[in-house]
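K.L.:
my questions concern the predicted model and sequence given below.
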Amino acid sequence: MSVFETSAGIALTETHSVTATAADGFASLGWLMIALPLLGAAVLLIGGKATNSWGPMFATIMSWAAFAVGLGVIFQMTGLAAEERSLSVQLWEWVSAGDLSVNVGLLLDPLSMVFVMLITFVGSLIHVYSLGYMEHDPDKRRFFAYLNLFIAAMLILVLADSYLVLFVGWEGVGLASYLLIGFWNWNPAYATAANKAFVVNRIGDLGLITAMAILFATVGALDYATVNESASSMSQGALLAVGLLLLLGACGKSAQFPLQSWLGDAMAGPTPVSALIHAATMVTAGVYLIARSQAIYIETPDARVVVAVVGAITLVYGAIVGCAKDDIKKALAASTMSQIGYMMLAVGLGPIGYTFAIFHLVTHGFFKAGMFLGAGSVMHGMKNRVDMRRFGGLSRVMKVTWITFMMGWLAILGVPPFAGFYSKDKIIETAFVGEGWQPWVFGFTALIGAGITAFYMSRLFFMTFQGKARWEDDQHPHESPKSMTVPMIILAVGSVSLGFILGPTGILENWLEPVFGHPEHHEPVLAIPLIIALTLTLVALGALLAYFMYWKSEVATEAPEGTAITKAARRDLLQDDFNEVFLRKPGEGMVTMLVATDRDLIEGGMVGKTTGSLAGLSDLLRRTQNGFVRSYAMTMLAGIVVILGAVWVMQ
Amino acid sequence: MTLVAYIYLATILFTIGALVVLTRRNTIVVFMGVELMLNATNLALVTFSRMHGTLDGQVYALFVMVVAAAEVVVGLAIIMSIFRARRTASVDDSNLLKL
Amino acid sequence: MTDFPWLTLLLLVPMVGAAVVAGMPRGFARSRELAMGISLVTLLLGVLIAFQFDIGSSTQYQLSEVYPWIPQFGVSFALGVDGIALSMILLGVVLVPICLLAAWNDVPNGNNRRQQTYFALMLVLESMMIGVFAATDVFLFYVFFEVMLIPVYFLIGSFGGAGRAKAATSFLLYSLLGGLIMLVAVIALYLQGPGGTEGFLIQNLTGLPIDASTERWLFAGFFIAFAIKAPMWPVHTWLPHAASEARPATAVLLVGVLDKVGTFGMLRFCLQLFPEASQWATPLVMTLAVISILVGAMLAIGETDMMRLIAYTSISHFGFIVLGIFALTTVSMTGSTLYMVNHGFTTAALFLIAAMMIQRRGSRQIADFGGWQRVTPLIAGSFLIAGLSGLALPGLNSFVSEFMVIIGTFQTYPVYAVIGSMGVLLAALYILLMYKKVATGPAPEEFAGTTPDMSMREKFVVAPLILAFLVLGFYPKPVTELLEPAVQTTLQNVGVSNPAPTSVDAEGNER
C-alpha cells in the first residue's frame, strides 16, 4: 500500500522513522529516572510511620535525583548527531505468548526527554513547594509517597518504547491522580471526585486498549518502532479506528470533550497536586500520545481532523466555563482544559503543528503550574477559601504571589515577550494553514479562544489581586513561606523567559526535528502580521473588558444570578447533568434491573421453580409415608405381586 | 407324591404369614408372621433344590436361616425397647417412620 | 528420580496429614500448628516438583504415573501434569498455608474436636485439589471432581455463617447436578474409546473419530458441569451464597482454586477431547462468557454485601477466562490460563482482607462501613491494592492476563472482545464504589482509635499475596513460559493456528 496522500497537501520532506540504537554510557542508566522516585514511594509507603520525619525530604531528593539523571542523559544526547539521538534501553521481557512479545523498554529520544525535563523539573519544584504547603498535614508522608509514585508513573508513560508500557504509566498516573484527588477523602464529595476521575479515565483507557488490540491484530506488535514502520501498510479502516480510539484515550486523560467532566471536580485534591498533575503534566499526556502516534495520524487525515475538531471544541468550551467560575481553582482548571484544547488542535493539524503543540505544552506547564501554586499560596493565606468573590486586593499583602502570578497571567494572555506569546500565537498561526473550510474554522476558533482566554484570566487575576478587599472578617492574609515562594519565583522566571529562549532561537524546533521531521513551510490563509495584530487586539479587548468589570467596578460578594449561559457555564455547560441523565441514570436502572432479574428470574424463577416443583412432588410422595409398618408391608407385598405378575405375563 | 405339593404348602404358609403381618396389631404376632413367611420360603427353596437336583436352593435356605436368626435377635431387642419405652406392643402406636 | 511417584506423594501428604490432625485427641492445642506444618511441607514438595518439570519437553504430561485401579472397567490411577495443571497445583499449595493462617482464629479450641475437624477438612480439600488437577484419567478426574464436594460441603455447612445450611445445600446440589451429567458423558466417552484396561486415560481418548452429533452431546455433558463449576451466567447463583456464607478461607479455596476446575476442565476435556464440537459451540460459549463478564460486573455494582460483591466480581473474571479459552489463540489462551493463576491471588486477597474488616465491624453490609481508611489504614490500604488488582491495574497481576485475553480474543472475535472489554470499565466502578463506601468519608466515631489495625499474623497473610501481585504483574514470564507449551498442545489438538497479522510491512516480510 502506498503512502497515503494527506488531504491538506502536507507532505513530509524527510521520513521521521529514526531507529533507536541501544543506549550506552550514562544513558543506559536511564531507568534510574523511574526507579528513583519509585523507590521513594516504596520506602515511604512500606516504611510507615518510621519515615514520617525524613520521608518528605527523601521523596523530594528522589525527585530531584530523577531530574539530575535526565539532565545527564540530555547532556549525553547533545554530544550525538541529531539523527542518533534516539536511544533505547531494553530492560526485560514482560509479556510474551505466541506472536505477542513486549519488552519493558525505554525510548530516550528528544521528544521523551523534553517531557522528562518538564516533569522532573516542575515536579521537583512542586515537591519543594509541598514541603511548605503540606507542613501541618498529619498524612504528609503519604502525600509525598503518592507524589513520587506519580513522577515515576509519568516517566514510565513518556519513556515507554511501546504502547503497552506506555499504558502502564498511563494507568499509573491515573492511579496517582485518583489517590491524590481523594487525598482528603474524609469529605465524601472528594472521594466521589476521585472516583469520577478514575472512571472517566477508564473510558479513555478502554479506547487505548482497543486501539492496541487493533494494532496487534493488524501489525502484530505494540512497540513504536514496528508500528511506525508498518503504519503505512495498514488498511484505511484500521488506521482510522486506531486514530479515533487513541484520541478517545487522549480525551480521557487530557480532559478533552466529551470526557472533560472530571477535571473540574479533580480540584478537590491539594493544590500542589492540581498544579502538577491537573495542569502541568498528566493532563498533557493525551497530547503526548497523539504526537507519539504521528505515524498513524499522518496516514489517516480523517482522524486528524477529528483531533483538531475535538481540540477546537474543548478550547472554546473550557474558555466559556472559565468565564463563569468563581472558584479560583475551578477557573484555572477550565483554563487548563482550554489550553490543552489548543495543543490538541495543534497536533490535529499534522506535522506543522507538533512542535508548536509541544512548545505550548512546555510553556503552559510552567505558567499554569506557577499560577496554580500562586492560587495555593492565596489559599494558604486565606484559610483555604477558594471563592474569588471574597478575595480582592491581595496584591498589597502577598507581593511575591502577586508578581509571580502576574507573570503567569501575562504569559497565558500571550503578551509579548512572555512565553505564551511565542507558543500560543504559533498555534493560532498554524491553525490558519490549510485548504478549504478548515483554516478558517480552526483559525478563527483559536483566535476567538485567545480573546476569551484574556477575558477570563484577567477576570481571575483582577478579582483575586486587584480591586477592593472583599475578605471575610476572620481573614488575615499573609505571604507564604520561602519553600513555597521560591518554586513560584522559579516558575515565574520560566513563564517570562522560556518563550524567547526556546522559540525564536529555534532550540526546541531543532531539538525535536529528529522526531517530527522538518515540515515544509506553509503560508497561512491570512498574513502572519495580520494574525498577530488580530490576536493582540482581541487579547487587549478581553483584558480591558475584564478590567472594567472586575477591577474598576464593584464585584458582588454573592454571585449574581446571571444569564442562562452563565448558569449553564457554572455547571460546566451541563456536562454533569447530561452524564447524569444519559449515562448514570440508565446505568443505575440497568443494574437495578439486573439485580432484580438475577434474584427473581434466575434464582427465584429458574432455580426456584425447579426446586419448588421437585419439593412439591416429594410432598405428594411423602403422603404415602404414613409411618404404619403394616401399610409399608402391604405396599411391599403389592409391589412384589405386581412384579411377579409382570414376569408371568411376559412369559 | 409329587414335589409340587410342597410348593402348595409353602404358598399357603406364606399367605398365612403375610396375612398375619398385615392384619395383626401385636408386634410379637406380626413377628411370628414374618417367621412363618421366611420358613415358607425356606420350604420352597429346599423343594426347588430337590426338583432341579442342585444344592443352590439348600445353600440359600441356610443363608435365610442365618439371617432369620439374626433378625430375631435384633427384632426382639427392638420390640423389647419399644415396649419398655411406650408400654405397648401394638404396631400402630409407633409411627415415627415418616417425615 | 523421574520415576519417583512425586504427584502421589504430593497427594498423600495433606491427606495423611489430615488424618493425623483429625486423629489428635479432643482439645489438642497444637492442631493449627500441625496443619500449618503439613501444608508447608506440601508447599515445599510442590516447589520441588515444579523444579522437576521440564518446560522444553515434548510430552504433554510429565511426572506421569499410571497404576491399574479397576482394570475391569478400564480405570487407572493415573496422574501427570502439564504446565496448566502444574500452575494450578502450585496456586493451590501456595494458597492453602495462607488460608490456614487467615483461618487461625476461625474455630476456637474448645473441649471438642471442631478445630481439628476444621483444619483436617482444609487439608483434605488441598489433597483433592491436587488430585483433580493432576488426574490424567477421565474417571479418576470425575472421582476427584465429586469427592472434592464433601470437604467443601462440611466446611460450609458446619462452619459457615447464619445461612450456611442453604448455601451448602445449594452448592452441593448444583455441583452434583453438573457432576452427574458429566458422569453420563464420561461413560459414554469411554464407550466411544478403545476400551481395555486403560480405556479412561486421556491420551487414549484424545483424537477419537466420534461422529459429529455424539461429539456435541458429549461436549455438552462436560461443558454443563464445568460451566456450573466455573461458574458462568446463568448457572452462577450458588456462588454468591456459598462464598458469603463460607468462612473467608474456605471461600478463597472455593472461588480461587476449586472453581478453576471448571475452566481447567474446559481446556483439558472440552477442547482437547471434542475439538469439532468446541468450535461448533464457540459462538454460544463466547456469548455466555461476555454476558458473564457484563452481568457479573453489574450485579457486583448493585450488591450491598461485601462478600457477595467479591463473588460477583469473580463471575465477571471467569467470563474473561472462558472468553480467552474459546477464542482459540495462543495469546488469549495463555492469557486465560495466566488469569486463572492471577485470579486466585486477587480473590484471595479481596476475600481475606474484606474478612478482616468484617470481623472488626461485625457486619458484611457495605452500608455499615465508611471512613475505615481512618480506622484501620493498613487494612484499608491493602484492600485498595487488592481491589486495584481486581480492576486489572497495569503493574499488578491481573492486568497482563486480562490484556492478553482481550487482544488475543480480538484477533479472532473482535466484536466479543470489544463488548467484553467493557468489563474493564465496570470493574473500575464496582471496586472503586465499594472502596469509597467502605474506606472513605469521615472516620466513624465508635471505631476510630479503638479498633486494632492489621495484626502481625494478618500481615503475614497479606504480604505474600501483594508480593505475588507485583511479581506476576511485572515479571509473569516464568509462569507464561510454563503455560504456553501446554496451550500450544491444546491448540494443536483442536487443530487451530494463530491468525497472522493482517498487515505485512513494506518489505513484504511476514512478521
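P.N.:
Perfect, I can see it now. Numbers count the residues shown, from 1 in each chain, chains lettered A, B, ... in the order given.

K.L.:
residue 210: how many residues sit nearby?
P.N.:
Went with chain A since none was named. 25 (other Cβ atoms under 10 Å in any protein chain shown). C-beta: built from backbone N, CA, C; applies to glycine.

K.L.:
ah, no, chain C please
P.N.:
Count around residue C:210 with other Cβ under 10 Å applied: 21.

K.L.:
is it true that it touches residue C:219?
P.N.:
No. Using Cβ atoms under 8 Å, residue C:210 is not in contact with residue C:219; the gap is 9.7 Å.

K.L.:
any common contacting residues for the two?
P.N.:
Common contacts of residue C:210 and residue C:219, defined by Cβ atoms under 8 Å, 6 or more residues apart in numbering or on different chains, comprise residue C:274.

K.L.:
contacts only, for residue 143.
P.N.:
Just so you know, I chose chain A. Per Cβ under 8 Å, 6+ apart, neighbours of residue A:143: A:56, A:130, A:134, A:137, A:180, A:183, A:270.

K.L.:
chain C is the one I meant
P.N.:
Contacts of residue C:143 (Cβ under 8 Å, 6+ apart): residue C:135.

K.L.:
closest to residue C:496 out of the contacts of residue A:143?
P.N.:
Set against residue C:496, the nearest of the contacts of residue A:143 by Cβ to Cβ is residue A:180 (46.5 Å).

K.L.:
and residue C:168, what element?
P.N.:
Element membership for residue C:168, per DSSP states H and E: helix C:164-192.

K.L.:
now for residue 84, how many residues are close by?
P.N.:
Just going to use chain A. Residue A:84 has 14 neighbours, counted by other Cβ under 10 Å.

K.L.:
was after chain B, sorry
P.N.:
8.

K.L.:
how near is it to chain C?
P.N.:
Residue B:84 is 32 Å from chain C, where distance means Cβ to the nearest Cβ, to the nearest Å.

K.L.:
secondary structure element for that residue, which one?
P.N.:
helix B:56-86.

K.L.:
packing partners of the helix holding residue C:168?
P.N.:
helix C:138-147, helix C:149-159, helix C:202-205, helix C:212-229, helix C:238-245 (3 or more Cβ pairs under 8 Å, 6 or more residues apart in numbering or on different chains; DSSP states H and E).

K.L.:
including distance to residue A:650, could those helices go into JSON lines?
P.N.:
Shown next, in JSON lines, are these (distance: least, Cβ to Cβ, whole Å):
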{"stretch": "helix C:138-147", "distance to residue A:650": "35"}
{"stretch": "helix C:149-159", "distance to residue A:650": "41"}
{"stretch": "helix C:202-205", "distance to residue A:650": "39"}
{"stretch": "helix C:212-229", "distance to residue A:650": "32"}
{"stretch": "helix C:238-245", "distance to residue A:650": "45"}
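
K.L.:
ranking these by burial, who's on top?
P.N.:
helix C:238-245 (a mean of 26; mean count of other Cβ atoms under 10 Å in any protein chain shown).

K.L.:
following the helix or strand encompassing residue A:43, which helix or strand shows up next?
P.N.:
Here residue A:43 sits within helix A:32-47, counting by DSSP H and E. Proceeding C-terminally, helix A:32-47 gives way to helix A:55-78 as the next helix or strand, assigned by DSSP H and E.

K.L.:
where in the chain is pLDDT low?
P.N.:
Let's take chain A. Within chain A, the stretches with pLDDT under 70 are A:1-19.

K.L.:
correction: the question concerned chain C.
P.N.:
Judged by pLDDT under 70, the stretches of chain C that qualify are C:1-2, C:503-511.

K.L.:
residue in it with the shortest distance to chain B?
P.N.:
residue C:169 (16.6 Å; Cβ to the nearest Cβ).

K.L.:
re earlier: please identify the buried residues of the helix holding residue B:84?
P.N.:
B:57, B:60-61, B:64, B:68, B:75, B:79, B:82 (16 or more other Cβ atoms under 10 Å in any protein chain shown).

K.L.:
turn those residues into JSON lines, including pLDDT and distance to residue C:206.
P.N.:
Below are the buried residues of helix B:56-86 laid out as JSON lines (pLDDT from 0 to 100; distance: Cβ to Cβ, whole Å):
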{"residue": "B:57", "pLDDT": "90", "distance to residue C:206": "52"}
{"residue": "B:60", "pLDDT": "92", "distance to residue C:206": "49"}
{"residue": "B:61", "pLDDT": "93", "distance to residue C:206": "54"}
{"residue": "B:64", "pLDDT": "93", "distance to residue C:206": "52"}
{"residue": "B:68", "pLDDT": "90", "distance to residue C:206": "55"}
{"residue": "B:75", "pLDDT": "88", "distance to residue C:206": "56"}
{"residue": "B:79", "pLDDT": "86", "distance to residue C:206": "61"}
{"residue": "B:82", "pLDDT": "84", "distance to residue C:206": "60"}
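
K.L.:
which one of these is nearest residue C:482?
P.N.:
residue B:60 (61.3 Å).

K.L.:
ok, and the closest non-adjacent residue to that closest one?
P.N.:
Using Cβ to Cβ, 6 or more residues apart in numbering or on different chains and skipping the chain neighbours, the partner closest in space to residue B:60 is residue B:45 (5.0 Å).

K.L.:
what sits against the one you found?
P.N.:
Contacts of residue B:45 (Cβ under 8 Å, 6+ apart): B:57-58, B:60-61, B:64.

K.L.:
ok, now residue A:87?
P.N.:
The contact partners of residue A:87, by Cβ under 8 Å, 6+ apart, come to A:20-23, A:27, A:30, A:73, A:77, A:107-109.

K.L.:
ok, back up a step: ok and the helix holding residue C:168 relative to helix C:212-229, angle-wise?
P.N.:
160 degrees (axes from the mean of the first three to the mean of the last three Cα atoms, to 10 degrees).

K.L.:
list the helices and strands the helix holding residue A:43 packs on?
P.N.:
Looks like helix A:32-47 contacts helix A:55-78, helix A:140-159 (3+ Cβ pairs under 8 Å, 6+ apart).

K.L.:
quick one: closest of these to residue A:520.
P.N.:
Here helix A:55-78 is closest among the helices and strands packed on helix A:32-47 (Cβ to Cβ), at 26.3 Å.
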